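**Q** curious how this folds, go ahead:
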Amino acid sequence: MDKILEGLVSSDHSVPVKRAIVKKVVEAAEKEVTEEQCRALFTLTTRLILLGEDAFQKQIGLQVLEAYARYHRLEFEHFFTKDFALSLLQQGYGQRDHRDPAIIDYIHCCLRLLISCPSVLEIFNVIQVEVLRMVCERPESSLCAHLCTLLSDFMQCIPRDKLGILFCQQLVRTISCFQCVASQERELREYVGQVTKVSTLLQNIWKADPTTLLPSLQEVFAIISSTDPSFEPSIALASLVQHIPVQMITVLIKSLTTDQNVRDGSMTKALCRMIDWLSWPLAQHVDTWVIALLKGLAAVQKFTILIDVTLLKIELVFSRLWYPIVRQGALAVLSHMLLSFQHSPEVFHLVVPHVVDLVESLKVDGLPTSKSILLQFTELMHCMMYQYSGFPDLYDHILEAIKDLPKPSEEKIKLVLNQSAWTSQSNSFASGVLRQAGKSETGKTGLINLGNTCFMNSIIQTLFMATDFRRHVLALHLNASNMLMKKLQLLFAFLAHTQRAAYAPRTFLEVSRPPWFNMGSQQDCSEYLRFILDRLHEEEKTFQVLESAKPRVIPLVDTSSKDATCPTFSKEHQESCLVQGESVPVDDQRTLIERMFGGKLITGIRCMQCNCISEKEEPFTDLSLAFCPSASSQNSPKSQGPSEEPKVLCQGSVNGGSEAPEPGSASSLATNVQYEPVTNEPPLSVPDLVNYFLAPEILDEDNAYFCEKCGSLQRAERTLKVVSSPEYLILTLLRFSYDAKCHVRRKILDNVIIPPALRLPVHAPYTPVPWSSASSSPLQVDSPESSENLAKKLKPSQGDEEEDGRVRLNEAEERNLAGEMQVQSVPYLLSSVVVHSGISSESGHYYSYGRNVSGADGAQHPASHSPVREDLATCSLCTPEQSDTQTSSGQEAREWLLFNDSRVTFTSLQSAQNITKRFPKDTAYVLMYRKQDQNVNGGVANGTRISAEPPLQKELLDAIIKDNKLYLQEQELNARTQALQASSSSCSFRPNGSDDNNPPGSCGPSGGGGGGGGFNTISRLVF
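**A** Next comes the predicted model:
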């Protein structure tokens, strides 16, 4: 039969004839055949299979072999022995090399025919050894794929135990040596299929024997972390990632990132090569593992690696977006790399030139997933351009390309950026001292306490949360680096953009500290606030005077101004102009402090004998509100006059009052004032204190008024009227009163209701009085010192102090004036609350509540702003407003923030309102309210509002980038140092920092709502 078959194969007969004869030969296999004939047939068919000249001969040999082996199993078992299999694997067959895939396919066929024979077990043992040897010889992808197909069908051929682990490791290393030289799509598909077969075998082995998984993955990392320049592992290793259980991510990333034996160079190489895996077409979860490793490295402060890898690979990742098959994974990695690299725009600007082309391609390629990818990519671009604003030359063409696509809200952008930063990654991989405090979930930056500097920190955060003031400061175009405003601008820029959880304002403390403030001692935050506002005001006025003679000089006002002179500005300055139509009048020479915090009061004194009135107009930046007698003292005397209102025994100056008022001075006016008894009064509120501040006061007896017209001391009535309302209304509650019996200052701990909104009565002045000089006003109050008890005065904007003029009005003129006086009820929204925690004025701690409120927020709080004439008594009262100012609990929970030195947390308005109820020694001290826009049509009032955060100027951006890099280096160095010390020493770790611990008497975090308990007494008074 073998002769017939051999002659048939070499004959010239047609293929159909040959097939018919072969069919007869196959049918003859059912008949009885001698062992010699079987062996001869098996030898012939083996030669045809392995050495056949064409596919037809190989097909004939395979058909005949399978037929006779099936019916003559014993004879075939004697033919295909372990020795024959070993010779095939080691020496090949004839001209066929032992590394030829045909050898593996022949053995595979024979094993299927012998599967039920006992001798196959011996062959399995031989193959177990030989496949390990073959894998160690690094076979090509084709041979390896055929071998893995055999092993997948016959798992008994896979090495066991330790040899099984070694086999997996060597197979992984073999995959790393695969090289694809194909250039045609068919060849590429074939190559990918071969790699998939190998990775599938490894997956099956890992499932059957889980102990082989971790050593295999360790081998993968050893390969991709190799720094050998002569070896570049194949990206075919990416095919293994999809077979690694996703639930192992945490364990494996922790093992990698915390292993002290892994050098930075090796980790960098590994991460770069994993990013290269994004090019592998069929790999799943590669993006998941890459992002997990990036987050893991950020969590253990390996920022140097992250910076190097991001700069090196960002363009490659971006280029993968052009290939639909890997686009989704590439976009996920690109998004994470860009959003987390927040200390510098360098990485984003590397890909900016390619953005428009990609957007246009996604719009027209017509693929089902392209629309979704485009929307995600557009959102990413908006986030990045928001993070690094100030480059219109780079971003204009991008904005034009995506103008018709949805834009995420500013809140969503901030949330995404906050959650993506390296410093916000939760360090679940390190324990104990390795854990670093990252930026809070609020996204806001705290201020490090530099030693009893909570008074400064609370004021800085309050000013920073004054949205419109902050935006104006950041928009200023300043050149003098030694200006206080420049320092404040830099500090605001850091608070807005630093990656630090808390920033140390050392430089600002040095330049802003009043000369009489002792370093390291607690100070009065209200006094500090007035000092820096006054300095900023004087500084700008001085600058204006010095620059007034220079042509086309850029005034020290925010660059949001756009008027006829704007084209004369430099290109850089023009680009910093923010919003068209939001301008400051050209003739408005007020300083920024005047425009933001400046208001005006008129103090009037009417002689009750001759009705002669003396008035004086004064500017103010804050109102110091004294407590009513019922709240600060008892056994108040009774007044005999018609306009009695309760007043404190000693209102005190704006600094909290003088300890020993001079006899006969206006500051001691309340000593002999008589009052009506007050009984069953409800708890005081801020409007109550404002109304008390504005209420008429009778001057009598020892505090009588000297009337020049009468020429003698007379009983008189003093009144206060706000004639110009500030954009930001600062209210200071005078909580520290002087106890004449004990000769000490005592803190008034009474709770004060803080309304979220109020209306301030503002009287329209009947005569225009410029801000620039109080001396230029023809109106003056006839008590030279009393105004210090009413409001803090700004120094005159220009000119020297002159002798105050006087004006006297007869009774008819007064009636005419009263008839024409207009009163507006100006709405204000609560912006910030500074809380003093402590039981006395000698010690304590400050912290603040704040939220972003701009003048535009008044749209949801409609009010009647028209002049009111009918009931001046009612309209002249400050009233709370409740209904329109309440927000939903969910929104409010994310709106209010608590700033306690380096700690910033979400809070609620109710927390600020109820702080004294919960912690009796924590009381509101300084309040800031934002005036709401009175233009019904949404226009801008007095150019005081900027509708968006201004782009950072290059100088500020460079400083932030430099500090962010320094911070990342510090974090990394600290993490490494602590990791080295962790195993050999124990340390006391305070995750919340060490605010206010030293020197003694500082504001520690041990009590009260903001941590104001257990203070030592120090010499400096705290107000």
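
**Q** in this protein, where's the longest strand?
**A** Among the segments of the chain that qualify as a strand by DSSP state E, the longest is strand 822-837.

**Q** mind listing what's buried along it?
**A** Residues 823-837 are the ones in strand 822-837 that count as buried (16 or more other CB atoms under 10 Å). Quick note: C-beta positions are derived from backbone N, CA and C, even for glycine.

**Q** for residue 367, what are its contacts?
**A** Neighbour list for residue 367: residue 324 [criterion: CB atoms under 8 Å, 6 or more residues apart in numbering].

**Q** so how far is residue 36 from it?
**A** Counting by CB to CB, to the nearest Å, the gap from residue 367 to residue 36 is 65 Å.

**Q** related to what we said a few turns ago, packing partners of the next helix or strand after the longest strand of the chain?
**A** Stepping forward along the backbone from strand 822-837, the first helix or strand reached (DSSP states H and E) is strand 845-850. Here strand 845-850 is seen to pack against helix 454-464, strand 822-837, strand 896-900, helix 909-913 when contacts are counted using 3 or more CB pairs under 8 Å, 6 or more residues apart in numbering; DSSP states H and E.

**Q** among the ones you listed, single out whichever gets nearest to residue 447.
**A** With respect to residue 447, and counting by CB to CB, the nearest of the helices and strands packed on strand 845-850 is helix 454-464 at 4.1 Å.

**Q** any idea of the mean pLDDT for the closest one?
**A** For helix 454-464, the mean pLDDT works out to 94.

**Q** any idea which helix or strand comes after it?
**A** helix 467-475.

**Q** tell me how far that following helix lies from the chain's centre.
**A** Centroid separation between helix 467-475 and its chain, computed with CA atoms, centre = their mean, to the nearest Å, is 20 Å.

**Q** tell me what angle that helix forms with helix 454-464.
**A** Between the direction of helix 467-475 and that of helix 454-464, the angle (axes from the mean of the first three to the mean of the last three CA atoms, to 10 degrees) works out to 90 degrees.

**Q** quick check: mean pLDDT of helix 467-475?
**A** Helix 467-475 shows a mean pLDDT of 91 in the predicted model.

**Q** and stretch 282-290, by the same measure?
**A** Stretch 282-290 comes out with an average pLDDT of 86.

**Q** what's next to it, contact-wise?
**A** For stretch 282-290, the external contacting residues (CB under 8 Å, 6+ apart) are 192, 196, 238-239, 241-242, 244, 246, 249, 271, 274-275, 277-278, 280, 328-330, 332-333.

**Q** from the residues you listed, list the buried ones, please.
**A** Buried subset of these (neighbour count, 16+ other CB under 10 Å): 192, 196, 238-239, 241-242, 244, 249, 271, 274-275, 277-278, 280, 329-330, 332-333.

**Q** pretty sure residue 473 contacts residue 492?
**A** Yes: shown here, residue 473 and residue 492 form a contact pair, counting by CB atoms under 8 Å, at 5.5 Å.

**Q** the two: which has the busier surroundings?
**A** Between residue 473 and residue 492, counting by other CB atoms under 10 Å, residue 473 is the more crowded of the two (25 against 20).

**Q** distance check, the more buried one against residue 464.
**A** Applying CB to CB, the value for residue 473 to residue 464 is 9 Å.

**Q** give me the common contacts of those two.
**A** Between them, residue 473 and residue 464 share these contacting residues under CB under 8 Å, 6+ apart: residue 492.

**Q** the stretch 251-400 of the chain: helices as residue ranges?
**A** With DSSP state H, counting those that start in this stretch, the ranges of helices along the stretch 251-400 of the chain come out as 264-276, 286-299, 303-319, 327-340, 346-364, 370-387, 392-401.

**Q** tell me the secondary structure at residue 606.
**A** Secondary structure, DSSP: H, G, I helix; E, B strand; the rest coil: residue 606 is strand.

**Q** list the contacts of it.
**A** Counting by CB under 8 Å, 6+ apart, residue 606 touches 612, 613, 716, 717, 719, 814.

**Q** which of those sits closest to residue 455?
**A** Proximity of the contacts of residue 606 to residue 455, judged by CB to CB, is greatest for residue 719, which lies at 33.9 Å.

**Q** read off the pLDDT value for residue 255.
**A** In the predicted model, residue 255 carries a pLDDT score of 82.

**Q** spatially central residue in this structure, please.
**A** Taking CA atoms, centre = their mean, the centroid of the chain lies closest to residue 418, which sits 2.3 Å from it.

**Q** is it within a helix or a strand, and which one?
**A** Taking DSSP H and E as the criterion, residue 418 maps to helix 410-420.

**Q** give the buried residues for that helix.
**A** By neighbour count on 16+ other CB under 10 Å, the buried set for helix 410-420 is 413, 414, 415, 416, 417, 418, 420.

**Q** for stretch 744-751, same thing?
**A** Of the residues in stretch 744-751, those with enough neighbours to count as buried (16+ other CB under 10 Å) are 745, 747, 748, 750, 751.

**Q** same check, this time on stretch 136-150
**A** Taking 16+ other CB under 10 Å as the neighbour-count basis, stretch 136-150 is seen to contain the buried residues 139, 141, 142, 143, 144, 145, 146, 147, 148, 149, 150.

**Q** send me it as CSV with only the CA atoms.
**A** Once side chains and other backbone atoms are set aside, the C-alpha atoms of stretch 136-150 remain, and they are given as CSV (Å, rounded to 0.1, in the frame of the first residue of the first chain):
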residue,chain,number,x,y,z
CYS,A,136,14.7,29.6,26.4
GLU,A,137,16.1,29.7,22.9
ARG,A,138,13.7,32.7,22.2
PRO,A,139,11.8,31.3,19.2
GLU,A,140,10.2,33.6,16.8
SER,A,141,6.6,34.6,17.1
SER,A,142,5.4,32.0,14.5
LEU,A,143,7.1,29.0,16.1
CYS,A,144,6.0,30.2,19.6
ALA,A,145,2.4,30.5,18.4
HIS,A,146,2.4,27.0,17.1
LEU,A,147,4.0,25.7,20.3
CYS,A,148,1.4,27.5,22.4
THR,A,149,-1.4,26.1,20.4
LEU,A,150,0.0,22.6,21.1
